[in-house]
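*Asks:* build me a model from this:
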Amino acid sequence: FVIMKGYFQKISNHAVSAPLKGYKNSGGCYQCGLYKKCNSPQMPIGGLGKESILVVGEAPGKHEDHRDTQFVGDSGDYLSSILLDHGIKLKRDCWTTNAINCRPTTKNGKNRKPTTKEINCCRYRLKLAIQNLKPKKIILLGSTAVSSFIGDRMNDIGTMERWVGWKIPDQTYKTWVYPTYHPSYLIRNENNTILHKYFNWHIENAIEHDEEFKQDKRILKLITDEEKILKYLDSLIKHPPEKLALDYEASGLKPYAKGHFIKTVAFATNSYSAVAFPYLKTNKFKKKLIKILTGPSKKIMQNMAFEMAWTEQIIGCEINNVAFDTMAASHVIDNRTGITGLKFQTYINYGVPDYSTDIQQYLKSEGKRANKFNNIDKAPLRPLLEYNGLDSMYTYRLSLDQENVLSEDDLDDAYDLFHDGIIACYNASKEGINIDEKYFKQVMLDLDDKLKQIDKNIRKSKEHKKWLKFSDNEPLDILSSDQIKKLVTIVLKI
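*Replies:* Numbers count the residues shown, from 1 in each chain. Alright, predicted model coming up:
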C-alpha cells in the first residue's frame, strides 16, 4: 500500500504476504509420514530451467519414485511432447517439481491422490523453491498443484475447471502463473479431443505470453472523523466523478428483517484508490449520501442487486444511473461456474490473493436464510474499512478491464441483456409479477410437445445410433447436459 499521511489512518500491507524465507521447517514436512514409504523421499527439483519456467505437478508416481526425478512416466512423455511442439524442452528449459515431494501410495502400493494434510505439510518446500529459483513463469498442473500454490492464500479453491486457462500475475511471488490440467487427466480422457485442444491451448498461451509483470498499486483512505467524512461527501457532491464504484458492508445478505444496518461504505473513483468510512446515523450524513447515490455519476457495483436493496431499504432512496455490474460481466465473459466472485476475479486478473482473511468470520451469517444477521458489529473497524475499500477499488478496476473485453469480443449486447434482466428480476422480487396462468400453462404444454417430437427425430438419426453404441444401448436423454456434452465432444468429436 501507499500510505496517506495526515488525517487518514495508516494501514498495513496484510493482503499480499511475503514468500517463505530460509529453511525453517517447523516439523511440517515429516508429519505426513510419506518419506517412510517411498524410494526417493523429498525429491529434489529437476531440470535446468534455462527459460526460467517452473512446472509443478501433483506427486511422484512409480517411475518417478524409482528414478528420483519428475515427469518420466506416461504423463511426463505427454507433457514433454506438448511443450516440444511449442519450442520448449522440459528438462532443459524448465525446472520441475511437485506439490508433494514423496510418492503417496495406497495400502496395495498403487499411486493415489495426496491428502489435504500432505499438501499442507509439503507446501513450504514449494514456497522455498519459488523463492530461491525466482521463475518468470509457473505452470500448475492439476488441482493438487493449484491447492499447494494458493491454498493457504484463498478461502475456497473449488474445482479445477474454474482455474484452467488463466494468466495470473501473482503478487506474492512476482511471477506469472498458468493453471491447467494434469497430463494424467488428459491420458485418462484420451478420446476427449476438446479437452486435449484446451490443454494444448493453455500450454501455448503460457509459453508465448510475454506481457510485462506489473506490481499491484493501491491507496486506501480510511476516514473515521465525522467532520472529515462529511467534507469528503461534499467534495463528491460538488464535483461528481464520471464513474463511481460503491460497496457496503452490512449486517447480512438481505436487509428486510428488522434491525439490519449498513456498517461501512466505500467509494472508488479510479482504479488504484478508494475511500472507506463508517455509516453515520445522522440526518446530515444521510442527506449527503442520498445526493451522491441519486447524482449523475455512473454507478458501478459487484452484484448490484445487493447495493440496490440495501440503499432502498436502509438509506431510503433508489440508486440513479446504475451503469455496470462486474459480477454479471464476469459471467458474460466466461460462463464457468464459481468464477464470478470478486475475490476470485481479483486474484486471476491482478494476482492479489483473498484479502478477506481478517474479516471473513464477522461476515458469515448463522443459518441459510438470507435475512439472517452476521457478526459485523463485532468486527474491528480498521480491518473492516480496509476490506470495504479494497472491494470498491477492485470493482472499479475490474469494470474498466471488463468493458474492454466485452467490446473486443462483441459481447456488449449480451451484457446489456444480463444487466437489464438483473434489474427486472430485482424489481420483480420487490413488487411481484403478474402472469396469465392459462397462457403460461398452454406454452408449457406446447413446449413439451415440441420436445417430444425433437426426441423422436433424434432417436431416428444416425447420430443417435453412434450414441447407442457408445452408451451400451442407453437412449440419449436430451435434457441431460452431461449426455449432450459427451455426444458432441466424444461421440461426434465436434
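
*Asks:* give me the local confidence score for residue 98.
*Replies:* Among the per-residue scores, residue 98 shows a pLDDT of 95.

*Asks:* count of residues packed around it?
*Replies:* Using other CB atoms under 10 Å, residue 98 has 29 neighbouring residues. (Glycine included, C-beta is placed from N, CA and C.)

*Asks:* so for it, what's the nearest residue that isn't a sequence neighbour?
*Replies:* Spatially, and ignoring its direct neighbours in sequence, residue 98 is nearest to residue 57 (4.6 Å; CB to CB, 6 or more residues apart in numbering).

*Asks:* give me the pLDDT for that neighbour.
*Replies:* 96.

*Asks:* for residue 63, what are its contacts?
*Replies:* By CB atoms under 8 Å, 6 or more residues apart in numbering, the contact list for residue 63 reads 72-73, 76.

*Asks:* in the biggest helix by length in the chain, what's buried?
*Replies:* Counting residues, the longest helix in the chain under DSSP state H turns out to be helix 381-408. Buried residues in helix 381-408, counted by 16 or more other CB atoms under 10 Å: 382-399, 401-403, 406.

*Asks:* mind listing the strands for this protein?
*Replies:* Counting by DSSP state E, the segments of the chain that form strands are 53-57, 94-98, 137-141, 168-170, 175-180, 219-222, 243-250, 262-270, 273-278, 298-301, 322-325.

*Asks:* adding distance to residue 460, write those strands out as CSV.
*Replies:* Listed next are the strands of the chain as CSV, based on distance: least, CB to CB, whole Å:
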stretch, distance to residue 460
strand 53-57, 47
strand 94-98, 51
strand 137-141, 44
strand 168-170, 48
strand 175-180, 40
strand 219-222, 64
strand 243-250, 55
strand 262-270, 58
strand 273-278, 61
strand 298-301, 50
strand 322-325, 45
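
*Asks:* between the ones you listed, which gets nearest to residue 491?
*Replies:* Between residue 491 and the strands of the chain, the shortest gap by CB to CB is with strand 175-180, which sits at 25.0 Å.

*Asks:* okay, now the unreliable bits of this protein?
*Replies:* 1-28, 367-368 (pLDDT under 70).

*Asks:* pick out the residue closest to the middle of it.
*Replies:* Central residue of the chain (CA atoms, centre = their mean): residue 344, 2.4 Å from the mean position.

*Asks:* residues in contact with the residue nearest to residue 98?
*Replies:* Contact analysis of residue 57 by CB under 8 Å, 6+ apart lists 70-71, 75, 96-99, 141-142, 145, 182.

*Asks:* quick one: which of the residues you listed is nearest residue 218?
*Replies:* Checking the contacts of residue 57 against residue 218 by CB to CB gives residue 145 as the nearest, at 28.6 Å.

*Asks:* pretty sure the closest one sits against residue 58.
*Replies:* Yes - here residue 145 reaches residue 58: they are 6.2 Å apart, a contact under CB atoms under 8 Å.

*Asks:* what touches both of these two?
*Replies:* 98-99, 182.

*Asks:* okay if I get the residues you listed as CSV plus distance to residue 81?
*Replies:* Shown next, in CSV, are those (distance: CB to CB, whole Å):
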residue, distance to residue 81
98, 20
99, 23
182, 15
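
*Asks:* nearest to residue 241 among those?
*Replies:* Closest approach between those and residue 241, by CB to CB: residue 99, at 44.9 Å.

*Asks:* so how far is residue 348 from the closest residue to residue 411 other than its chain neighbours?
*Replies:* Taking CB to CB, 6+ apart as the measure, residue 411 lies nearest to residue 332, with 5.6 Å between them; neighbours along the chain are not counted. Relative to residue 348, residue 332 is positioned 16 Å away (criterion: CB to CB, to the nearest Å).

*Asks:* one more: residue 229?
*Replies:* As for residue 229, its distance to residue 348 is 34 Å (criterion: CB to CB).

*Asks:* got a list of what residue 363 touches?
*Replies:* Counting by CB under 8 Å, 6+ apart, residue 363 has contacts 249, 356, 374-376, 379.

*Asks:* recalculate using a threshold of 7 Å.
*Replies:* Counting by CB atoms under 7 Å, 6 or more residues apart in numbering, residue 363 makes contact with 374, 376.

*Asks:* please report the distance of it from residue 67.
*Replies:* With distances taken as CB to CB, residue 363 is found 49 Å from residue 67.

*Asks:* that older thread, how much space between the residue nearest to the centre of the chain and residue 393?
*Replies:* Residue 344 sits 16 Å away from residue 393, going by CB to CB.

*Asks:* follow-up on the earlier one: how close does the residue nearest to residue 98 sit to residue 199?
*Replies:* Relative to residue 199, residue 57 is positioned 14 Å away (CB to CB).

*Asks:* just residue 222 next, same as before
*Replies:* Applying CB to CB to residue 222 and residue 199 gives a distance of 45 Å.

*Asks:* show me where the stretch 101-250 of the chain has its helices.
*Replies:* Per DSSP state H, counting those that start in this stretch, the stretch 101-250 of the chain has helices spanning 116-133, 143-150, 183-188, 193-208, 226-238. These are given in chain order.

*Asks:* want to throw those helices into CSV with distance to residue 87 and mean neighbour count?
*Replies:* CSV is the format used below for the helices of the stretch 101-250 of the chain (distance: least, CB to CB, whole Å; neighbours: other CB atoms under 10 Å):
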stretch, distance to residue 87, mean neighbour count
helix 116-133, 21, 19
helix 143-150, 23, 25
helix 183-188, 18, 18
helix 193-208, 7, 16
helix 226-238, 53, 15
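
*Asks:* wait, which of the ones you listed is closest to residue 449?
*Replies:* helix 193-208 (33.0 Å).

*Asks:* quick one: distance of the closest one to the chain centre.
*Replies:* If you compare the mean C-alpha spot of helix 193-208 with that of the full chain, they lie 20 Å apart, counting by CA atoms, centre = their mean, to the nearest Å.

*Asks:* name the helices or strands packed onto that helix?
*Replies:* Helices and strands touching helix 193-208, by 3 or more CB pairs under 7 Å, 6 or more residues apart in numbering; DSSP states H and E, are helix 74-85, strand 175-180, helix 183-188.

*Asks:* let's see 8 Å
*Replies:* Helix 193-208 makes packing contacts with helix 74-85, strand 137-141, strand 175-180, helix 183-188 when contacts are defined by 3 or more CB pairs under 8 Å, 6 or more residues apart in numbering; DSSP states H and E.
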